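Visitor: just a sequence and a predicted model for now, questions to come.
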Amino acid sequence: MDQETREMFGKVLGVLEVIKTDVSSLKSDVSILKTDVSILKTDVSILKTDVSILKTDVSGLKTDVSGLKTDVSDLKTDVSDLRTDVGSLKTDMNVMRSRQDEMYLMLKGSEESRQRIKSLEEKSTIAAIERENLEVESAKIVGALRRSAHEVLKGLADEEVS
């Protein structure tokens, strides 16, 4: 072989070494890509599971929202009924106040009548009270006179003894 052929072979061998290194590097890169693809497949599987869980959660939330809408509708009906009941109660309270005022006026008139009758009765009993007072006063006077007479008699009896 001549020199030129040897040099060519040397260059070809050098290129083949470079290609061999590149192929080895490509194999390593492909291996890394396979690992990355495997990780991506796992991540996609996890994402699919998460999406499935989220779909279930969303479905449950939709059911809950539907139930809440029904509850809100029921509460609106209850509030409307309560407003009607409160209105009726206010009307009834006004009627009761009116009747209470009427009863008060009736009782007041009745009380005034009782006071007038009592006043008339008192006027007729004033004389009786004055008689009782005179009897008490006269009883006091008679009692005082008796005590005085008794003391006078006792004093006279004491003087006779001495």
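Guide: Happy to help now that I have it.
Visitor: and for stretch 73-80, what's in contact with it?
Guide: Residues outside stretch 73-80 that contact it (C-beta atoms under 8 Å, 6 or more residues apart in numbering): none. Where you see a C-beta, it was placed from the backbone N, CA and C, and this is true even at glycine.
Visitor: buried residues, it. List them.
Guide: For stretch 73-80, the neighbour count (16 or more other C-beta atoms under 10 Å) marks no residue as buried.
Visitor: next one: it to chain centre, how far?
Guide: On the basis of C-alpha atoms, centre = their mean, to the nearest Å, stretch 73-80 sits 19 Å off its chain's mean C-alpha point.
Visitor: mean confidence for the host helix or strand of residue 102?
Guide: Using DSSP states H and E, residue 102 sits in helix 3-161. Average pLDDT, helix 3-161: 80.
Visitor: how much distance is there from that helix to the middle of the chain?
Guide: Centre-to-centre, helix 3-161 and its host chain are 1 Å apart (C-alpha atoms, centre = their mean).
Visitor: what about residue 33, how many residues nearby?
Guide: Using other C-beta atoms under 10 Å, residue 33 is surrounded by 11 other residues.
Visitor: any idea how many residues pack against residue 132?
Guide: The tally of other residues near residue 132 (other C-beta under 10 Å) stands at 11.
Visitor: in contact with it, which residues?
Guide: No contacts exist for residue 132 under C-beta under 8 Å, 6+ apart.
Visitor: pull up the gap between it and residue 7, please.
Guide: Distance, residue 132 to residue 7, by C-beta to C-beta, to the nearest Å: 166 Å.
Visitor: I'd like the distance between residue 47 and residue 35.
Guide: Residue 47 is 18 Å from residue 35, by C-beta to C-beta.
Visitor: same question but for residue 72, I mixed them up
Guide: From residue 72 over to residue 35 (counting by C-beta to C-beta), the distance is 54 Å.
Visitor: and for residue 145?
Guide: Computed as C-beta to C-beta, the residue 145 to residue 35 distance reads 141 Å.
Visitor: ok, residue 140 next?
Guide: 132 Å.
Visitor: same thing with residue 98?
Guide: 92 Å.
Visitor: again with residue 69
Guide: Shown here: residue 69 relative to residue 35, a distance of 50 Å by C-beta to C-beta.
Visitor: check residue 67 too.
Guide: 48 Å.
Visitor: cool, residue 71 as well?
Guide: 53 Å.
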